[in-house]
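*Asks:* missing the sequence, but the structure's below:
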């Protein structure tokens, strides 16, 4: 089990919007483009990139989902945290 991963995310306020973005990703839209267009997080400027982070650096719901993904995989269900709904892509 890795201690550090690299991930991107898209943060939105509504679950319905997150589900719509996941659908767009599944039909070929680029993660980075959707992050720049829809995300509420400042990371939107970098296509949603959060860079590398270790365990204990993110809120627990986000961390659990991100570390459960395989490299290149995207969450298929929005991850709810106190900040909103996240779509997470594990980069490495």
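*Replies:* Okay, I see it. Just so you know, these numbers come straight off a predicted model, no measurement behind them.

*Asks:* pLDDT weak spots in the protein?
*Replies:* Using pLDDT under 70 as the threshold, the predicted model of the chain has low-confidence ranges 1.

*Asks:* Leaving out the residues flanking it, which one is nearest to residue 47?
*Replies:* Nearest in space to residue 47, with sequence neighbours left out and distances taken as CB to CB, 6 or more residues apart in numbering, is residue 32 at 3.1 Å. Using the backbone N, CA and C atoms, a C-beta is placed for each residue, glycine as well.

*Asks:* pretty sure that neighbour contacts residue 45?
*Replies:* No: with contacts counted by CB atoms under 8 Å, residue 32 stays clear of residue 45, the gap being 10.6 Å.

*Asks:* does the residue nearest to residue 47 count as helix, strand or coil?
*Replies:* On the three-state scheme (DSSP: H, G, I helix; E, B strand; the rest coil), residue 32 is labelled helix.

*Asks:* For it, give me its contacts.
*Replies:* Residues in contact with residue 32, defined by CB atoms under 8 Å, 6 or more residues apart in numbering, are 8, 47-48.

*Asks:* Return the closest of these with respect to residue 17.
*Replies:* For those, the closest approach to residue 17 (CB to CB) belongs to residue 48, at 14.6 Å.

*Asks:* thought the closest one was touching residue 41?
*Replies:* Yes: under the criterion of CB under 8 Å, residue 48 makes contact with residue 41 at 7.3 Å.

*Asks:* Those two: who's more crowded?
*Replies:* Applying other CB atoms under 10 Å to residue 48 and residue 41 shows that residue 48 carries more neighbours, namely 26 against 17.

*Asks:* Leaving out chain neighbours, which residue sits closest to that one?
*Replies:* Among residues not flanking residue 48 along the chain, residue 35 sits closest, at 3.2 Å (CB to CB, 6+ apart).
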